[in-house]
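In: this is a predicted model, with the sequence first.
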Amino acid sequence: MYQVVVDTNVVVAALLSRRGASHRLMRLVGDARWKMNLSVPLVLEYEQTLKRLCIGGALGASDIDRIVEFLCASASLRPIFFLWRPLLPDPKDHMVLELAVESRADFIVTFNARDFAGTGQFGISVVPPGRFLAIIGEKP
(Lines give C-alpha, C1' and ligand atoms only; values in the text may rest on other atoms or scores of the structure.)
Protein backbone atom coordinates (compact mmCIF):
# COMPACT_ATOMS: atom_id res chain seq x y z
CA MET A 1 0.00 0.00 0.00
CA TYR A 2 1.41 3.36 -1.05
CA GLN A 3 1.60 6.13 1.55
CA VAL A 4 0.44 9.40 -0.01
CA VAL A 5 0.09 13.07 0.86
CA VAL A 6 -2.37 14.96 -1.33
CA ASP A 7 -1.68 18.67 -1.79
CA THR A 8 -4.55 21.10 -1.31
CA ASN A 9 -4.63 22.06 -4.99
CA VAL A 10 -5.64 18.51 -5.92
CA VAL A 11 -8.53 18.45 -3.43
CA VAL A 12 -9.73 21.85 -4.68
CA ALA A 13 -9.59 20.68 -8.31
CA ALA A 14 -11.54 17.53 -7.37
CA LEU A 15 -14.37 19.60 -5.91
CA LEU A 16 -14.46 22.19 -8.67
CA SER A 17 -14.87 19.64 -11.45
CA ARG A 18 -16.22 16.11 -11.64
CA ARG A 19 -13.97 15.51 -14.62
CA GLY A 20 -10.31 14.76 -14.45
CA ALA A 21 -7.79 12.86 -12.42
CA SER A 22 -8.21 14.86 -9.21
CA HIS A 23 -11.87 13.96 -8.88
CA ARG A 24 -11.16 10.33 -9.72
CA LEU A 25 -8.39 10.19 -7.12
CA MET A 26 -10.57 11.68 -4.38
CA ARG A 27 -13.28 9.14 -5.19
CA LEU A 28 -10.65 6.46 -4.47
CA VAL A 29 -9.93 7.66 -0.93
CA GLY A 30 -10.08 4.51 1.20
CA ASP A 31 -8.95 2.24 -1.66
CA ALA A 32 -6.68 -0.59 -0.51
CA ARG A 33 -3.87 0.40 -2.93
CA TRP A 34 -3.02 3.67 -1.20
CA LYS A 35 -3.40 5.46 2.10
CA MET A 36 -3.92 9.18 2.41
CA ASN A 37 -2.02 10.86 5.26
CA LEU A 38 -3.16 14.02 7.02
CA SER A 39 -1.91 16.33 9.75
CA VAL A 40 -3.79 19.00 11.67
CA PRO A 41 -2.17 21.88 9.73
CA LEU A 42 -3.04 20.28 6.37
CA VAL A 43 -6.64 19.56 7.42
CA LEU A 44 -7.03 23.18 8.49
CA GLU A 45 -5.63 24.34 5.17
CA TYR A 46 -8.00 22.02 3.28
CA GLU A 47 -10.96 23.40 5.23
CA GLN A 48 -10.01 27.05 4.86
CA THR A 49 -9.16 26.80 1.17
CA LEU A 50 -12.17 24.69 0.23
CA LYS A 51 -14.53 27.06 2.02
CA ARG A 52 -12.94 30.03 0.28
CA LEU A 53 -12.84 28.57 -3.23
CA CYS A 54 -15.50 25.87 -3.51
CA ILE A 55 -18.59 27.20 -1.72
CA GLY A 56 -21.35 28.26 -4.04
CA GLY A 57 -23.27 26.41 -6.65
CA ALA A 58 -23.69 22.83 -5.51
CA LEU A 59 -21.52 23.03 -2.37
CA GLY A 60 -22.20 24.79 0.90
CA ALA A 61 -20.16 25.10 4.09
CA SER A 62 -21.80 22.02 5.61
CA ASP A 63 -20.88 20.01 2.50
CA ILE A 64 -17.25 21.06 2.88
CA ASP A 65 -17.38 20.10 6.57
CA ARG A 66 -18.66 16.61 5.66
CA ILE A 67 -16.00 16.16 2.99
CA VAL A 68 -13.22 17.15 5.40
CA GLU A 69 -14.68 14.85 8.07
CA PHE A 70 -14.73 11.98 5.57
CA LEU A 71 -11.11 12.60 4.62
CA CYS A 72 -10.09 12.66 8.29
CA ALA A 73 -11.98 9.43 8.97
CA SER A 74 -10.41 7.69 5.96
CA ALA A 75 -6.83 8.94 6.27
CA SER A 76 -4.00 8.13 8.58
CA LEU A 77 -3.74 11.10 10.95
CA ARG A 78 -0.14 11.98 11.74
CA PRO A 79 1.34 14.23 14.41
CA ILE A 80 4.22 16.42 13.27
CA PHE A 81 7.10 16.71 15.75
CA PHE A 82 9.78 18.25 13.57
CA LEU A 83 10.11 20.96 10.95
CA TRP A 84 12.01 20.93 7.66
CA ARG A 85 12.21 24.66 7.09
CA PRO A 86 13.26 26.47 5.01
CA LEU A 87 13.71 23.89 2.28
CA LEU A 88 11.02 24.76 -0.26
CA PRO A 89 10.36 28.02 -2.11
CA ASP A 90 6.75 28.36 -0.87
CA PRO A 91 6.45 28.34 2.94
CA LYS A 92 2.93 26.89 2.70
CA ASP A 93 4.38 23.74 1.13
CA HIS A 94 6.53 22.95 4.18
CA MET A 95 3.61 21.38 6.04
CA VAL A 96 3.05 19.02 3.10
CA LEU A 97 6.71 18.00 3.06
CA GLU A 98 6.81 17.59 6.85
CA LEU A 99 3.79 15.31 6.71
CA ALA A 100 5.28 13.34 3.82
CA VAL A 101 8.55 12.81 5.72
CA GLU A 102 6.79 11.86 8.96
CA SER A 103 4.46 9.38 7.23
CA ARG A 104 7.28 7.96 5.11
CA ALA A 105 5.17 8.81 2.08
CA ASP A 106 5.97 7.28 -1.25
CA PHE A 107 4.26 10.15 -3.09
CA ILE A 108 3.18 13.74 -2.82
CA VAL A 109 0.33 14.21 -5.30
CA THR A 110 0.23 17.81 -6.52
CA PHE A 111 -0.06 19.99 -9.60
CA ASN A 112 2.96 22.01 -8.39
CA ALA A 113 5.81 19.51 -8.68
CA ARG A 114 8.43 22.22 -9.17
CA ASP A 115 7.52 23.66 -5.76
CA PHE A 116 8.70 20.39 -4.21
CA ALA A 117 12.13 20.25 -5.82
CA GLY A 118 14.52 18.60 -3.40
CA THR A 119 12.06 16.13 -1.90
CA GLY A 120 13.86 13.30 -3.67
CA GLN A 121 16.49 13.39 -0.90
CA PHE A 122 13.75 11.97 1.35
CA GLY A 123 12.82 9.23 -1.13
CA ILE A 124 9.50 10.90 -1.95
CA SER A 125 8.25 11.09 -5.53
CA VAL A 126 6.19 14.11 -6.54
CA VAL A 127 3.56 13.35 -9.18
CA PRO A 128 0.37 14.86 -10.59
CA PRO A 129 -2.92 13.05 -9.95
CA GLY A 130 -3.09 11.44 -13.41
CA ARG A 131 0.37 9.94 -13.01
CA PHE A 132 -0.47 8.56 -9.58
CA LEU A 133 -3.66 6.99 -10.93
CA ALA A 134 -1.58 5.27 -13.62
CA ILE A 135 0.85 4.00 -10.97
CA ILE A 136 -2.00 2.31 -9.07
CA GLY A 137 -3.47 0.95 -12.30
CA GLU A 138 -6.41 3.33 -12.65
CA LYS A 139 -7.53 5.28 -15.65
CA PRO A 140 -7.68 9.03 -14.93
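Out: Cool, the structure landed.
In: tell me who's in contact with the residue located most distally from the centre of the chain.
Out: Centroid-distance maximum for the chain: residue 57 at 23.4 Å, with C-alpha atoms, centre = their mean. Counting by C-beta atoms under 8 Å, 6 or more residues apart in numbering, residue 57 touches no other residue. (Each C-beta comes from the backbone N, C-alpha and C, glycine too.)
In: now swap in residue 67 and tell me
Out: By C-beta under 8 Å, 6+ apart, the contact list for residue 67 reads 15, 50.
In: what's the residue lying closest to residue 3 once chain neighbours are set aside in contact with, if anything?
Out: Distance criterion C-beta to C-beta, 6 or more residues apart in numbering; nearest residue to residue 3, sequence neighbours excluded, is residue 105 at 4.6 Å. Shown in contact with residue 105 (C-beta under 8 Å, 6+ apart): 3-5, 37, 99, 124.
In: just put those residues in JSON lines and tack on pLDDT and neighbour count.
Out: Output for those, formatted as JSON lines (pLDDT from 0 to 100; neighbours: other C-beta atoms under 10 Å):
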{"residue": "3", "pLDDT": "98", "neighbour count": "17"}
{"residue": "4", "pLDDT": "98", "neighbour count": "25"}
{"residue": "5", "pLDDT": "98", "neighbour count": "29"}
{"residue": "37", "pLDDT": "98", "neighbour count": "20"}
{"residue": "99", "pLDDT": "94", "neighbour count": "21"}
{"residue": "124", "pLDDT": "94", "neighbour count": "21"}
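In: so which of those residues are in helices?
Out: residue 99 (DSSP state H).
In: pLDDT score assigned to the residue farthest from the centre of the chain?
Out: In this model, residue 57 is scored at 76, pLDDT.
In: residue 80 now?
Out: 84.
In: which strands and helices sit next to the lowest-mean-pLDDT helix or strand in the chain?
Out: Lowest on mean pLDDT, DSSP states H and E among the helices and strands of the chain sits helix 94-102, with a mean of 91. Helix 94-102 is packed against strand 2-6, strand 34-38, helix 40-53, strand 107-109, with contacts defined by 3 or more C-beta pairs under 8 Å, 6 or more residues apart in numbering; DSSP states H and E.
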